[in-house]
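Novice: Give me the fold of what follows.
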Amino acid sequence: MARVRTRTDTVYPFAELTAAAQAAAIDARREAVGEFFAEDIGQNFDPGWCWGLDAAALGVEFKPRGQRWHNVSTGREGVDQSASVWWALHVQGAGASFDGTWTRPADPIAAMAAHAGDGDKLHAIAAALAETPAGTSARIKADDRYHSLTVDVYDDQGNEADEAIAAIVLQAMREYAEYIYRQIDTEYDYQTSDETIRAYLTDEDDGEYTAEGRRI
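Specialist: Prediction:
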């Protein structure tokens, strides 16, 4: 007959761990945050969410990704409607780009003044776009996901805009892509910082840990 052994471990809340165990718990949490960061951050570009509102104020509409998905375990399937915003952090050639359209607001400066706080980089981008004629629009495509953009600019009749106007819009969209990258980078650094994770594990998480800092 097989012998059965029972093992009993003492568990602790995060606040009662040693400094070394807390550091191990923080590292594990940071890895988990990083793993799901891309999925979690993507919704911020949806209409009505913070970065989606930035885009709307500028006149940018992101193209849905449109990729079909299928969950084998549940049998569910559908089409990915998340924004076509592409980015990479902390690697050579890091940056951001997007697929979508731009339509000049009636008053780009006023539209941004009603949306963004003073000193926000978006004001400078809106001011540049205000130099374009009414009815100007553009189609934007990410050339290689997060390195560069192709921007086709049109006048109010749907014809190709002249070079000077096209150059304004191209530069503005490049600066907006850089703005997107900085926002994502800042948010990543915040979510994965020791301070943020420590505050979460101390004040919000009710998990239990081994003496070594492994979450049970």
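
Novice: Check the spacing between residue 156 and residue 136 real quick.
Specialist: As for residue 156, its distance to residue 136 is 7 Å (criterion: Cβ to Cβ, to the nearest Å). C-beta here means a position set from N, CA and C on the backbone, and glycine is covered the same way.

Novice: Mind checking which of those two has more residues around it?
Specialist: Neighbours were counted for residue 156 and for residue 136 using other Cβ atoms under 10 Å; residue 136 has more, 21 against 12.

Novice: contacting residues for the more buried one?
Specialist: Contact analysis of residue 136 by Cβ atoms under 8 Å, 6 or more residues apart in numbering lists 104, 153, 154, 155, 156, 161, 165, 169.

Novice: Can you give me the buried ones in stretch 170-186?
Specialist: Buried positions in stretch 170-186, judged by neighbour count with 16 or more other Cβ atoms under 10 Å: 170, 172, 173, 174, 176, 177, 179, 180, 181, 183, 184, 185.

Novice: Same list, these, but as TSV with distance to residue 209, secondary structure and pLDDT please.
Specialist: Putting these into TSV (distance: Cβ to Cβ, whole Å; DSSP: H, G, I helix; E, B strand; the rest coil; pLDDT from 0 to 100) gives the following:
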residue	distance to residue 209	secondary structure	pLDDT
170	52	helix	96
172	49	helix	97
173	47	helix	97
174	46	helix	95
176	43	helix	96
177	41	helix	95
179	39	helix	94
180	37	helix	94
181	35	helix	93
183	33	helix	93
184	31	helix	94
185	30	helix	94
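
Novice: Now flag whichever of those residues is closest to residue 127.
Specialist: residue 172 (9.3 Å; Cβ to Cβ).

Novice: In contact with that closest one, which residues?
Specialist: 125, 128, 129.

Novice: go on, residue 95?
Specialist: 87, 88, 146, 147, 177, 178, 181.

Novice: if we can go back for a sec, which pair of the buried residues of stretch 170-186 spans the longest distance?
Specialist: 170 and 185, at 22.7 Å, using Cβ to Cβ across the buried residues of stretch 170-186.
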